[in-house]
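J.: sharing a model that was predicted from the sequence below.
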Amino acid sequence: MSYKNGKDFLPPSLLKELQNYIQGELVYIPKIEQTRAGWGENNGTRKLIEKRNREIYQMYKGGASVIELIQRFHLSEDSIRKIIVKTRELVQNVAK
């Protein structure tokens, strides 16, 4: 983001109107609203993590221990447990 002087690109009437509200200050003008992709949606990371999490849950449901999952996926015990709980909730909500 770069600094631009309003007198260099704003129509004089708009510049005069803005000066009624603010003078000599920096103002951020946001971009026009647009739908932004969520984290990992453009590069596929989100889908990969969702797939991994479903795999962790299925393995756990199939009898794999938390320790086995930690070693296989190189995640902390806390992360594995959170994934199991969250995925279980998602599966139960889909089944309803």
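T.: Nice, thanks for sending it over.

J.: for the residue nearest in space to the middle of the chain, what are phi and psi?
T.: Nearest to the geometric centre of the chain sits W39, at 3.4 Å (CA atoms, centre = their mean). Here is the backbone geometry of W39 (degrees, to the nearest 10): phi -60, psi 130.

J.: please apply the same query to E77.
T.: phi -60, psi -40.

J.: same deal with L15?
T.: With angles defined as degrees, to the nearest 10, L15 sits at phi -60, psi -40.

J.: wait, it touches G6, no?
T.: Yes - with contact defined as CB atoms under 8 Å, L15 counts as touching G6 (5.3 Å). No exception for glycine: its C-beta is placed from N, CA and C like everyone else's.

J.: mind listing what S13 touches?
T.: By CB atoms under 8 Å, 6 or more residues apart in numbering, no residues touch S13.

J.: how about low-confidence regions in the protein?
T.: For the chain, applying pLDDT under 70 flags the ranges 1, 96.

J.: mind listing the helices for it?
T.: Counting by DSSP state H, the chain has helices at residues 12-19, 45-61, 66-73, 77-95.

J.: and these: which comes nearest I32?
T.: helix 12-19 (16.9 Å; CB to CB).

J.: return the set of buried residues in that closest one.
T.: Going by neighbour count (16 or more other CB atoms under 10 Å), nothing in helix 12-19 comes out as buried.

J.: and stretch 58-68, by the same measure?
T.: The neighbour-count check on stretch 58-68 (16+ other CB under 10 Å) flags 59-60 as buried.
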